[in-house]
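Q: have a look; sequence and predicted model below, questions after that.
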Amino acid sequence: MISDYKLIAHIEKAHGKRGEFVAASVHGLPPLMHEGMRVAVVPPRLKGDRFHVVERADSGGARASQLVALSGVSDLDAAEGLRGRYLLARREDLPADVELMDAETMVGRTVTDASAGELGRVAEVIRTPAHDVWAIDTGAGELLLPVVDAIGATLAADGEVAVSVPAHLLEELRRGDSEGDEA
């Protein structure tokens, strides 16, 4: 049952008198909460519900946090009682590509390109304001691959990541490999 849920946010602080709070995304995830999403609070409180429905959640915008209101949390004291806890969401309520957004789950995965074959393993996920960048250890060096829609990253059941790397980046990689052979 726990595998049906994913840790998505940490409750930072209460906000206002109506039970709202600020929830910060974890593991580099974008803000994922939306109205109607069912979440679990962990660790659970001794009294009160563990499961809630998101009644309101701002979009987060460029921030990694959201202002959130949950069912059953209606005043400042109730929101304050959640401070320091975490929120789990059902995987079915999350985007299909949520694992590709999670730096913690990406490191160590093998990345393959449709035309070039295996590129290497993700050594690091670099966060930038525009998008993530995967630092891929190719064995002959490092390939910095921007994680944008154009690469069409998909995660296979075996954990391998399939991408479609633009030709100019593959050319740079090949050039780097041949320069390493000459040295």
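A: Ah, there it is.
Q: only C-alpha atoms from now on, for both contacts and neighbour counts.
A: Will do.
Q: which stretches of this protein have low pLDDT?
A: Flagging of the chain using pLDDT under 70 yields the residue ranges 1-3, 60-63, 157, 173-183.
Q: domains of it?
A: 2-94, 101-182 (automatic domain parsing).
Q: check the ones you listed for me and report the most buried one.
A: Most buried of the domains of the chain, by mean neighbour count (mean count of other Cα atoms under 10 Å): domain 2-94, with a mean of 18.
Q: quick one: it to chain centroid distance?
A: Centroid separation for domain 2-94 versus its chain: 16 Å, with Cα atoms, centre = their mean, to the nearest Å.
Q: cool, and stretch 92-101?
A: 8 Å.
Q: what about it, start to end distance?
A: Its first and final residues considered, stretch 92-101 spans 16 Å by Cα to Cα, to the nearest Å.
Q: neighbouring contacts of it?
A: 4, 28-30, 32, 37-38, 105-106, 153-155 (Cα atoms under 8 Å, 6 or more residues apart in numbering).
Q: keep only those of those that are in strands.
A: Judged by DSSP state E, the subset of those located in strands is 38, 154-155.
Q: give me the distance between residue 158 and residue 96.
A: Counting by Cα to Cα - residue 158 and residue 96 are separated by 16 Å.
Q: mind checking how far residue 13 is from residue 152?
A: Residue 13 is 37 Å from residue 152, by Cα to Cα.
Q: quick check on residue 27: phi, psi?
A: phi 60, psi 30 (degrees, to the nearest 10).
Q: I figured it was touching residue 104, is that so?
A: Yes: with contact defined as Cα atoms under 8 Å, residue 27 reaches residue 104; the gap is 6.3 Å.
Q: looking at it, residue 43 is touching residue 86, isn't it?
A: Yes: between residue 43 and residue 86 there is a contact under Cα under 8 Å: 7.1 Å.
Q: which parts of this structure are strands?
A: 5-15, 20-25, 38-42, 51-57, 65-70, 86-90, 110-113, 117-127, 132-137, 142-146, 154-155, 161-163.
Q: neighbouring strands - and their directions - for the first one?
A: For strand 5-15, sheet partners with direction are given as strand 20-25 (antiparallel), strand 86-90 (antiparallel), following DSSP bridges.
Q: tell me the angle of the last one relative to strand 51-57?
A: Between the axis of strand 86-90 and that of strand 51-57 there is an angle of 100 degrees, by axes from the mean of the first three to the mean of the last three Cα atoms, to 10 degrees.
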